[in-house]
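1. Sequence first, predicted model second:
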Amino acid sequence: MELPKLDPLAALDLLQQADHPYFYWEKQSQRTAIAATEPLLHLQIDGTQRFTQAQHFICTSLVDTVSAGALHLPFAGAHFFCSFTFFDHTNQEQAFFPAASVFLPRWQVACVQDQAVLVANAVIDTDTVLEPLARNIWERWQLLQTPRRCPSPRSQASQFYPQLTNADAFTTAVADTLGLIKANKLQKLVLAHTLDVKTPQPLDLCHALGTLRERYPECYVFAVSNGQGQSFIGASPERLIELHDHHLVTDALAGSAPRGLSHEEDQALGNQLLSSKKDGHEHRVVLDFIRDSLWELGITPQVTSLPHLLQLPNIQHLRTLITAEVPQHLHLLEILAALHPTPAVAGMSREVAQQQIHKQETFERHLYAAPLGWIDYQGNGEFTVGIRSALINGSQARLYAGAGIVAGSDPQRELAEIQLKLHTLLDALL
Ligand SMILES: C=C(O[C@H]1C=CC=C(C(=O)O)[C@@H]1O)C(=O)O
């Protein structure tokens, strides 16, 4: 059903309930946002078969789905909202999120350009009394007619920046990794670091999301809540998969430099990044992996750009675009299973890198550096990688950032890169 134009964050604020999971997704530069609340059908699983089981869940749920209403509107019809953890298995004691979560929401509000659309899903069987069901949907639709104001974003960055307390542990891990690279045990490793912050008041997520979407219009701004008090939010520059009418777009994103304070300094830093041998190698490992993985799936990848700069307010990256036509029989989640984790967030070889991450990192990655996104009833969908992100638990936040280590990396520079990346969430939360 069509709705009057509304702020999607205000829709989230209105529809979310503390004890129900929700999913929020926005790309300001495309003026697209989706808020999905109250899982109606929900799969939550752990294990190596998680992508296959998620695909099966979506396909079987769709068999008995009937769509009605204004199906020509953007984001009409059934959509499934998915989040995965970095590893196939979660540590049960500390698992805030299952290794795979896929849900069909009761309520979904999507905003595209100036259009807003409500999708209401309901389970209907022979015992369902239709009138209260229809009334409930009608009431929600009416509720969403009332214009709502959204919290205004933070006007300027906070001056308070906590220092990393265990920076030495990170630089030592980088030095150890360089030793392994020299000994040819692996080519690349992405090591992450966390920063814990605590605020006097519970963190205001709508406010933080408002700030993130304003500062990072090129990024995917997201929030995933588990309905038990924890949420994972972020502003990620990394597109893992965009699939529309069997046309695939994915990014190789790796290699970073700071932004300059003046135009000249900024250009010089950008040019250095474009010509850096070390960053070029770090980037190529990702590009080659994505290309090879697509070939193995029977997809012919086209590299449609040279490595170019993706400039964000706090950092700049090397990015290459890859496109492909995907055979009809391949499901988006099969491609996702092959690509995750790319060497932009794990390393090369993937197996050794994952072992090293387990060994060297002293914290759980949870949803950090893992795929999250949506799939519609026609098999179209979009997934980002949950980087530049934080796990929020009341008034506590754990911020994550990682850096790719290759031959030629310098521990202090990698630490400085981590600090730059942590600013994405620090600035929005504090
Ligand atoms: C792993 C992260 O960034 C990746 C994406 C872009 C550039 C990266 C780099 O230059 O190291 C990382 O591969 C992160 O932000 O936590």
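-> All right, it came through fine.
2. what's the burial count for Q28?
-> When neighbours are counted by other Cβ atoms under 10 Å, Q28 registers 18. All C-beta atoms are positioned from the backbone trio N, CA, C, and that covers glycine.
3. try the one 4 residues further on
-> With neighbours defined by other Cβ under 10 Å, the count for T32 comes to 18.
4. now swap in A78 and tell me
-> 21.
5. List phi and psi for it.
-> When quoted as degrees, to the nearest 10, the phi and psi of A78 stand at phi -70, psi 130.
6. so it makes contact with T65?
-> Yes - using Cβ atoms under 8 Å, A78 is in contact with T65, at 5.3 Å.
7. check contacts around whichever residue of the stretch 201-350 of the chain sits closest to the ligand.
-> In the stretch 201-350 of the chain, the residue found nearest to the ligand is S256; the distance is 3.6 Å by Cβ to the nearest ligand atom. Neighbour list for S256: L273, D279, I315, Q316, H317, L318, A403, E417, L420, K421 [criterion: Cβ atoms under 8 Å, 6 or more residues apart in numbering].
8. Check whether it sits in a helix, strand or coil.
-> What DSSP: H, G, I helix; E, B strand; the rest coil gives for S256 is strand.
9. what pLDDT does it get?
-> According to the prediction, S256 has pLDDT 98.
10. distance of it from L420?
-> To L420, S256 is 8 Å away according to Cβ to Cβ, to the nearest Å.
11. shared neighbours of those two, which are they?
-> Taking Cβ under 8 Å, 6+ apart as the contact rule, S256 and L420 both touch I315.
12. Please read off the pLDDT at E351 from the model.
-> 98.
13. Could you check how many residues crowd around it?
-> By other Cβ under 10 Å, the residues close to E351 number 11.
14. now swap in G408 and tell me
-> G408 has 13 nearby residues by other Cβ under 10 Å.
15. who are the neighbours in contact with it?
-> Applying Cβ under 8 Å, 6+ apart to G408 gives the contacts K277, K278, H281.
16. same thing with E218?
-> For E218, the contact set (Cβ under 8 Å, 6+ apart) comprises Q28, S29, P237, L310, L312.
17. Can you turn the buried part of these into a PyMOL selection?
-> Buried residues within these, by 16 or more other Cβ atoms under 10 Å, are selected in PyMOL with:
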select buried, resi 28+237+310+312
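18. Make TSV out of the contacts of E218 and add distance to K198.
-> What follows is the contacts of E218, written out as TSV (distance: Cβ to Cβ, whole Å):
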residue	distance to K198
Q28	29
S29	33
P237	27
L310	32
L312	27
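19. can you list the residues of the stretch 51-200 of the chain near the ligand?
-> Within the stretch 51-200 of the chain, the positions near the ligand by Cβ under 6 Å from any ligand atom are V190, A192.
20. Sketch out the low-pLDDT regions of the stretch 51-200 of the chain for me.
-> Applying pLDDT under 70 to the stretch 51-200 of the chain flags residues 147, 149-161.
21. mind redoing it with 80?
-> Scanning the stretch 51-200 of the chain with the threshold set as pLDDT under 80 gives 92-94, 146-163, 165.
22. Need phi/psi at the closest residue to the ligand within it.
-> In the stretch 51-200 of the chain, no residue comes nearer to the ligand than V190, which is 5.2 Å away by Cβ to the nearest ligand atom. Backbone torsions of V190, given as degrees, to the nearest 10, read phi -100, psi 110.
23. Q378 in helix, strand or coil?
-> Applying three-state DSSP: Q378 is coil.
24. cool, and the one 4 residues further on?
-> When the structure is reduced to helix, strand and coil (three-state DSSP), E382 reads as strand.
25. same question, K278
-> Secondary structure, three-state DSSP: K278 is helix.
26. In the stretch 251-400 of the chain, what residue spans correspond to strands?
-> For the stretch 251-400 of the chain, applying DSSP state E, counting those that start in this stretch gives strands covering 302-303, 308-311, 316-325, 347-348, 371-376, 381-385, 389-393, 396-405.
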